[in-house]
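Enquirer: here is my input; please provide its structure:
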Amino acid sequence: MWQRTGALLGAAHPGPALAVTVLAGLLALPADLQAGTAALVVAAVLTGQLSIGWSNDLIDVRRDRAVGRTDKPLATGELPLRLVQWCCGAALATTIVLSLAVGLPAGLAHLLLVAAGWAYNLGLKSTLLSWLPYAVAFGGLPAFVWLAGALDPPLWGVGAGALLGVGAHLLNVLPDLEDDARTGVRGLPHRLGPRLVPVVAVAVLVTASAVIAAGAPDLRGWVLALGALLVVGLAAVALVRSGRDAFRAAVGIALVDVVLLVVAG
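Expert: Residues are numbered from 1 along each chain as shown. Okay, here's the model as predicted:
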């Protein structure tokens, strides 16, 4: 039972799902949400991310088997297809209920975010617009949280989130470029190629840092200075180094941006 539960969670892409859920929880702190509302926001984001993760593996199961993905429980036959289909449907239905329970404007914003993730899985990832669902999803996340608190989402927060999403897309796809190419996936990162992806990711993430710095009214001087120092240093590493070092440096910039976004919220 525990082995199957672990495989089921593995098929939901637990790393990204947990990261986005934690980010939603952190954004809820400066938004000053009531405890019940914050719990609904976090639960809706978690179930939405689970539905996106499971749908990804369900849609890609043939492709994953073709390239021999041993890290995908559906591709290896470790999980029954029907079980994952049922869990995915249940997660999506729960997401709709939880999202609308937060309130209509916030709920619709979150459902748009989830729809973007599904649209990516259903085919946008193989087009030049592969970055768009990530931009909508990450830009929509702070909007969802602010709307849940009956606050008007600031443009700088939505814009910075969207840029973070594009950077996350580039970094997330980078390790799978070869496997994707073998099965005909040709999104923006694949067209840029492995050499240009880290460079473009750094440029996008640094721009996100600049948007936060320019737009956030409550960032203290020393926080801004420390963030700028870290971003510049990591950007230099990413541009000078290559391979895994450049990837880690770009991820580091993304983490700094997330912290700045939360602190500035």
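Enquirer: buried stuff in the longest helix along the chain?
Expert: In the chain, with assignment by DSSP state H, the single longest helix is helix 35-59. Neighbour counts over helix 35-59 (16 or more other Cβ atoms under 10 Å) mark 37-38, 40-59 as buried. Bear in mind the C-beta positions are built from the backbone N, C-alpha and C, glycine included.
Enquirer: just stretch 248-263 next, same as before
Expert: 249-254, 256-263.
Enquirer: list of residues touching that stretch?
Expert: 23, 26-27, 29-30, 142, 157, 160-161, 164, 167-168, 170-171, 198, 201-202, 205-206, 208-209, 212-213, 216, 219, 223-224, 227, 230-231, 234-235, 237-238, 241 (Cβ atoms under 8 Å, 6 or more residues apart in numbering).
Enquirer: what about that stretch, distance to the chain center?
Expert: With Cα atoms, centre = their mean, to the nearest Å as the basis, stretch 248-263 stands 13 Å off its chain's centre.
Enquirer: any idea how this structure splits into domains?
Expert: 1-127, 154-265 (automatic domain parsing).
Enquirer: ok, which of the ones you listed comes nearest Phe138?
Expert: Taking Cβ to Cβ, domain 154-265 is the member of those nearest to Phe138, at 2.8 Å.
Enquirer: out of the domains of the chain, which gets the lowest mean score?
Expert: With a mean of 82, domain 154-265 has the lowest mean pLDDT of the domains of the chain.
Enquirer: so where do the helices sit in the stretch 1-150 of the chain?
Expert: 2-10, 14-28, 35-59, 61-66, 73-76, 81-102, 104-122, 131-148 (DSSP state H, counting those that start in this stretch).
Enquirer: surely Asp179 and Asp71 touch.
Expert: No - in this structure Asp179 lies outside contact range of Asp71 using Cβ atoms under 8 Å: 11.0 Å.
Enquirer: what about these two, which has more around it?
Expert: Asp179 (15 against 8; other Cβ atoms under 10 Å).
Enquirer: kindly format the C-alpha coordinates of the helix or strand hosting Ile212 as CSV.
Expert: Here Ile212 sits within helix 196-215, counting by DSSP states H and E. This file holds the C-alpha atoms of helix 196-215, laid out as CSV (Å, rounded to 0.1, in the frame of the first residue of the first chain):
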residue,chain,number,x,y,z
LEU,A,196,20.9,29.6,-25.1
VAL,A,197,18.3,28.3,-22.6
PRO,A,198,20.3,29.2,-19.4
VAL,A,199,21.2,32.6,-20.9
VAL,A,200,17.6,33.5,-21.7
ALA,A,201,16.4,32.1,-18.3
VAL,A,202,18.9,34.3,-16.5
ALA,A,203,17.8,37.4,-18.5
VAL,A,204,14.1,36.7,-17.7
LEU,A,205,14.8,36.1,-14.0
VAL,A,206,17.0,39.2,-13.7
THR,A,207,14.2,41.2,-15.3
ALA,A,208,11.8,39.7,-12.7
SER,A,209,14.1,41.0,-10.0
ALA,A,210,14.2,44.4,-11.5
VAL,A,211,10.3,44.5,-11.7
ILE,A,212,10.1,43.6,-8.1
ALA,A,213,12.7,46.2,-7.1
ALA,A,214,11.0,48.9,-9.1
GLY,A,215,7.4,48.1,-8.1
